[in-house]
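Engineer: Next one to model:
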Amino acid sequence: MRMKIEIRKNDTVRVIAGRDKGQTGRVLEVLPETNRLIVENVNKMKKHVRPNPAKQIRGGILEEAGPIHVSNVALICSECGPTRIKHQRMAGGAKGKGKTVRACAKCGKGLD
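Structural biologist: Below you'll find the model as predicted:
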């Protein structure tokens, strides 16, 4: 089942469950079709690569960041740490129409 992912590329997140619990990293990629994220230096996986001199690839064993489920991470607020996300409507515009932004659920500070 697809759900709306509130975490975006370049957000800072903390892993709250799994073998990498407690680690912090930047989101490199969002995979909405599988509800997963690729987070920098989290869920490291080894990949065996064949050498290819034509493409300047040496070969060997590389470490890459693997995907992690969205439910296992929490967005980090600069003031209060890991938090959930709420939506706030910014003031302005005609007839009370404003832009909706992501905000920290604890302190209410805008995250965008």
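Engineer: what residue ranges in this structure score low on pLDDT?
Structural biologist: Across the chain, the ranges flagged by pLDDT under 70 are 1, 92-96.
Engineer: From the centroid of it, which residue is nearest?
Structural biologist: Taking C-alpha atoms, centre = their mean, the centroid of the chain lies closest to Val27, which sits 3.7 Å from it.
Engineer: Buried residues in the longest strand anywhere in the chain, which are they?
Structural biologist: The single longest strand within the chain, with elements called by DSSP state E, is strand 24-31. Neighbour-count burial for strand 24-31, with 16 or more other C-beta atoms under 10 Å as criterion, is recorded at Thr24, Gly25, Val27. C-beta: built from backbone N, CA, C; applies to glycine.
Engineer: helix or strand for the nearest residue to Leu111 once chain neighbours are set aside, which one?
Structural biologist: With C-beta to C-beta, 6 or more residues apart in numbering as the criterion, Leu111 has its nearest non-adjacent residue at 4.4 Å, and that residue is Arg102. Per DSSP states H and E: Arg102 is located in strand 100-104.
Engineer: For the residue nearest to Leu111, give its distance to Glu40.
Structural biologist: Counting by C-beta to C-beta, to the nearest Å, the gap from Arg102 to Glu40 is 20 Å.
Engineer: ok, these two, which is more surrounded?
Structural biologist: For Arg102 versus Glu40, neighbours defined as other C-beta atoms under 10 Å are more numerous around Arg102 (17 against 14).
Engineer: list the contacts for that one?
Structural biologist: By C-beta atoms under 8 Å, 6 or more residues apart in numbering, the contact set of Arg102 is Glu6, Ile85, Lys86, His87, Gly110, Leu111, Asp112.
Engineer: The first one: neighbour count?
Structural biologist: Using other C-beta under 10 Å, Glu6 is surrounded by 14 other residues.
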